[in-house]
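> model the following, please.
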Amino acid sequence: MQQAGENFLKNEITHIKVAVIGDLMTDRYITGKVNRISPEAPVPVNLVQSQRDVLGGAANTAANLASLGCLVYAAGMKGNDGDGAILSELLQKAGIDTSGIITDDAYHTTAKIRILGARQQMMRLDYEEKKSPSEEETEKLLDWLENLLRQGLGSIVISDYGKGMITDALSEKIISLGKKYSVPVLVDPKGSDWTKYTGAYGITPNIKEISDCLGRDVPNEDEAILKAGQEVREKFQLTHLFVTRSEKGITCISENKAIHRASVAQDVFDVSGAGDTVMAVIAASSAAKMDMETILELANKAAGIAVSKVGTYQVKRDELIQAWLGRRNVRLSYLPLSLEEAEEKVKRWKARGETVVFTNGCFDILHRGHITYLQQAASLGQHLIIGLNSDRSVRALKGPERPVNNEEDRSFMLAALRCVDEVVIFDEDTPEELLSHLRPDILVKGGDYKVEEVAGRQYAGKVEILPFVDGYSTTSLIHKIRKEQA
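Presented below is the predicted three-dimensional model:
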């Protein structure tokens, strides 16, 4: 299993072609600060500071597959509107083929807008219009799909969010085409009637979805899951049923066998989008005809990475390789990024719609206060990049006897922290010049700063001030050591 999984991730996966057909949408996050109540009505006033758009619905499944290195083809509906343009741009930036997308001038692209203030979701606004493709559009889409199948498509994902794209007729014909070309069709289901998914290679419900399908509560227990799964599998003539069970892992129920993979104990920060991660791995590994034991182990590893991140997260192929090899992303050596490397990496993160958080400091002798502060900063986005004062800069700020640890050692220790993505060293007294290149979404400072006092604030989407942990400082540690040595 170990060697097969490693070979798949390092070599085969980049040649896998997957089509994702379903309800495409965008997710927009508008973040601001709430400091007062409106004089017009008893509602909070949100002073908007940043906005970001990410792929949602079936588009998020496609993005997960692309992040794993697959060649991805997306099909669905969008309007000829602003949200449709954003959707197309995000898909293209992710390297996803959009030739299967139907554009309808009379249709409004599905968009979910979340308003956040004081780190809390205040409201969600949905632009949603349930609309199904016409007979002509359905035939055009099926021709597009069959052409891909002739060219060596590895698997098909039906991502149904109940917005109208996946009609009974379309679902049945997609499954029929999959059988004709011996290509697995996997379904992320919606609703309680799964008749239109009959004959699929696999369906990936969670506990609630399988309970809704059967019309009764199914406990998250092995025996109950096995019994319910066999009932569903037989009723809808499925080859496999993949039940995602949150902290209890994944169970695959097949005709004569059930395989369970328990989740690995770890910190869980956010389960958003983990189901799409599991679907992506199953679709890619099924296309490569991996054995079921390996498929479930890969899916479990990927889900473990996804839930350890904040917000919806697309697991990267390199991350999954490291997890598969048991390395848990431990850095045995580390070189801080150059300014050019850091700038390019931040641009790539932001192009994928991921929130980039920046903070800076000397971080001379790491202590609990530092770690707590960095964990809080990392929780504000998907990536934390640290601007580290150079040795010369530390001497200028702290005196000739500092730093205790040189910049190479300080950057290595910071990069070894799970919450830190990258480190870049700057030589100036403030990070203003560095920030003018990186332009992060969020600039974090610790202490009792006022926003208007923060250097480089004009280059960030917004500024967050986090309190330091009382009782911890590098200076006090140095004084304590010297006192005990005296």
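
> please list all residues in contact with residue 238.
Residue 238 makes contact with 197, 199, 200, 201, 202, 203, 232, according to CB atoms under 8 Å, 6 or more residues apart in numbering. In short, each C-beta sits where N, CA and C put it, glycine included.

> let's go with 10 Å and repeat that
187, 194, 197-203, 229, 232, 253-255 (CB atoms under 10 Å, 6 or more residues apart in numbering).

> so which helix or strand takes in it?
Assessed by DSSP states H and E, residue 238 sits outside every helix and strand.

> that one and residue 259: what is the separation?
15 Å (CB to CB, to the nearest Å).

> using the three-state scheme, assign the residue positioned nearest the centre of the chain.
Note on the chain: the residue nearest the mean C-alpha position is residue 313, at 0.8 Å, using CA atoms, centre = their mean. Classification of residue 313 by DSSP: H, G, I helix; E, B strand; the rest coil places it in coil.

> could you count how many residues lie near the closest residue to it other than its chain neighbours?
In this structure, residue 313 finds its nearest non-sequential neighbour in residue 306, 5.3 Å apart by CB to CB, 6 or more residues apart in numbering. Residue 306: 27 surrounding residues under other CB atoms under 10 Å.

> next one: residue 289
For residue 289, using other CB under 10 Å, the count is 11.

> can you report phi and psi for it?
Backbone torsions for residue 289, taken as degrees, to the nearest 10, come to phi 60, psi 40.

> how near is it to residue 4?
10 Å.

> joint contacts of these two?
Common neighbours of residue 289 and residue 4 (CB under 10 Å, 6+ apart) are residue 12.

> that older thread, in TSV: the contacts of residue 238, plus secondary structure, distance to residue 300 and pLDDT.
Output for the contacts of residue 238, formatted as TSV (DSSP: H, G, I helix; E, B strand; the rest coil; distance: CB to CB, whole Å; pLDDT from 0 to 100):
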residue	secondary structure	distance to residue 300	pLDDT
187	strand	20	97
194	coil	24	97
197	helix	24	98
198	coil	28	98
199	coil	27	97
200	coil	22	98
201	coil	20	97
202	strand	16	97
203	strand	18	97
229	helix	17	95
232	helix	21	96
253	strand	16	96
254	coil	17	94
255	coil	22	90
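
> pLDDT weak spots in the stretch 51-200 of the chain?
118-119 (pLDDT under 70).

> how about the helices in the stretch 251-400 of the chain?
Under the criterion DSSP state H, counting those that start in this stretch, helices of the stretch 251-400 of the chain are mapped to 274-287, 292-307, 317-324, 339-351, 368-378, 391-398.

> tell me which of those lies nearest to residue 249.
Smallest distance to residue 249 across the helices of the stretch 251-400 of the chain (CB to CB): 5.9 Å, for helix 292-307.

> that closest one to helix 317-324, inter-axis angle?
110 degrees (axes from the mean of the first three to the mean of the last three CA atoms, to 10 degrees).

> list the helices and strands helix 292-307 packs on?
Applying 3 or more CB pairs under 10 Å, 6 or more residues apart in numbering; DSSP states H and E, we find helix 292-307 packed against helix 2-7, strand 240-244, strand 250-253, strand 258-261, helix 274-287, helix 317-324.

> return the following helix or strand past the first one as PDB; C-alpha atoms alone will do.
Sequence order places strand 17-22 as the next helix or strand after helix 2-7, per DSSP H and E. These are the backbone C-alpha positions of strand 17-22, laid out as PDB (Å, rounded to 0.1, in the frame of the first residue of the first chain):
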ATOM      1  CA  LYS A  17      -8.300  13.600 -16.000                       C
ATOM      2  CA  VAL A  18     -11.500  14.200 -14.000                       C
ATOM      3  CA  ALA A  19     -14.700  15.900 -15.100                       C
ATOM      4  CA  VAL A  20     -16.800  17.700 -12.400                       C
ATOM      5  CA  ILE A  21     -20.400  18.300 -13.300                       C
ATOM      6  CA  GLY A  22     -22.700  20.200 -11.000                       C
END
